[in-house]
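# Would you be able to build a 3D model of this:
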Amino acid sequence: MNKKRIAVFGGAFHPIHNGHLALAQHALKALSLDNVLFVVDRIPPHKTLAEGATDQQRVDMLRLAVADEPKFSVETMELSREGKSYTVDTLSELHRREPNAEYFFLMGSDMLLSFHTWRSPEEIAKLCTLVCTVRTGQSGGEEAAANALKTSIGANVILLSEVSPLSSTEVRSRIHNALPLHGFVPPRVEHYIYKNGCYMPGELLPMYARLKTEISDSRMEHTAYVMQTAIELADRFDVDPNKARLAALLHDCCKYMPFEELLPYADTNPPIPAILHAPAGAAYAKAVYGVTDEDVLQAIRLHTTGDANMTDLDRVIYLADMIEPSRTFEGVDEIRSANTLKEMMRLALKQSICYIKKKGGAVHPATERALNELGGDS
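Next up is the predicted model:
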């Protein structure tokens, strides 16, 4: 009977990214593995974890990332272990659980070069085959290190070509700086990050905490998608991404405010209930959330109606709310694929006016002004 071949992929996964997954897929095929086991570090011995996500959030993101690959699984034993996470302890436990399996330990070049400093390297070498990823076209001494470990402790080392230089540090930096995450993390992980505020600047975290008490979970799902879309549009059309992210986060902060409390913000007679949360949201964001940036407040104020003389930031938030990924109405793909921000806006306003008229509703004068400025044709 052939032994089950299992790769142990240990790491902080802070967060899991597409580079991790590409490496796991590469190892799966190259080594004819039956399973890749992602082992989440609690306290890595050789580094201090950056802030930005809890242990449970790291695990949640990892599980979302591997959900569609039946040969990938997540192991959390190190999170329940006191003290630092040592590879020899993890491998020993895995052998106790499945003594007939053959284990492969995935590592980067820096880990191979420092392997002699690890706890019980000789024991680790008996428990598994070391698999080191090497950047194509570059020699960092991996082959010499592998030969030295074979000679000194009898280690079996396999060198695999690196498939992606992506790092979690780079991903965290992109999140902090409001840069798009498409292609860096799986879509489910990206949505989780925006919904839960992982790795966001510290000043946004109290806003997240408050917002989650004021809107429903389904509305927070929508808000996360709006943030993602606003950041992508801001990057595409050279709009301040931090302002776009903040306006997107708070654009629906008054969505569930009672109608009587929204009424003071009405500027039509009779008032249009569906849009009052926007002007109220701008005032609330300033009074309660402490937002003082008038550009951000205006973008929140106009996100349901638009108006003439909109800034690019205003348009980004209006569009992000309308075309975020969960939107499936007829015509949404045409808006998404338009070449310019103004053309996207013109199509979106036409779509909005058409929808309102079909429902027998009243079109806000500001919406008419916004479309007329862009060429009309409502």
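# For the protein, give me the ranges with low pLDDT.
Confidence mapping of the chain against pLDDT under 70 gives the ranges 1, 43-49, 136-139, 377-378.
# Centroid-nearest residue for it?
residue 190 (2.3 Å; CA atoms, centre = their mean).
# In CSV, list the C-alpha atoms belonging to stretch 174-192.
Extracted C-alpha coordinates of stretch 174-192, given in CSV (Å, rounded to 0.1, in the frame of the first residue of the first chain):
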residue,chain,number,x,y,z
ARG,A,174,-1.7,47.6,-0.4
ILE,A,175,-4.7,47.3,2.0
HIS,A,176,-3.3,50.0,4.2
ASN,A,177,-2.8,52.3,1.3
ALA,A,178,-6.2,51.7,-0.3
LEU,A,179,-4.8,50.0,-3.4
PRO,A,180,-6.7,47.3,-5.3
LEU,A,181,-6.3,43.7,-4.3
HIS,A,182,-7.5,42.0,-7.5
GLY,A,183,-4.9,39.3,-8.4
PHE,A,184,-3.2,39.5,-5.0
VAL,A,185,-5.7,37.5,-2.9
PRO,A,186,-8.7,35.3,-3.7
PRO,A,187,-12.0,37.1,-4.2
ARG,A,188,-13.6,35.7,-1.0
VAL,A,189,-10.6,36.8,1.0
GLU,A,190,-10.7,40.2,-0.5
HIS,A,191,-14.3,40.6,0.4
TYR,A,192,-13.6,39.3,4.0
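# List the buried residues of that stretch.
Neighbour counts using 16 or more other CB atoms under 10 Å place 174-175, 178-181, 184-186, 189-192 of stretch 174-192 among the buried residues. C-betas here are computed from N, CA, C, even on glycine.
# cool, and stretch 202-216?
Buried residues in stretch 202-216, counted by 16+ other CB under 10 Å: 204, 207, 208, 211, 212, 214, 215.
# for this protein, what spans make up the strands?
Applying DSSP state E to the chain gives strands spanning 5-11, 35-40, 72-75, 102-108, 129-134, 157-161.
# Distance to residue 365 and mean neighbour count added to the ones you listed, as TSV?
Output for the strands of the chain, formatted as TSV (distance: least, CB to CB, whole Å; neighbours: other CB atoms under 10 Å):
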stretch	distance to residue 365	mean neighbour count
strand 5-11	56	21
strand 35-40	55	22
strand 72-75	54	18
strand 102-108	60	20
strand 129-134	61	21
strand 157-161	62	16
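# In JSON lines: the ones you listed, plus distance to residue 306.
JSON lines is the format used below for those (distance: least, CB to CB, whole Å):
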{"stretch": "strand 5-11", "distance to residue 306": "46"}
{"stretch": "strand 35-40", "distance to residue 306": "45"}
{"stretch": "strand 72-75", "distance to residue 306": "45"}
{"stretch": "strand 102-108", "distance to residue 306": "49"}
{"stretch": "strand 129-134", "distance to residue 306": "50"}
{"stretch": "strand 157-161", "distance to residue 306": "51"}
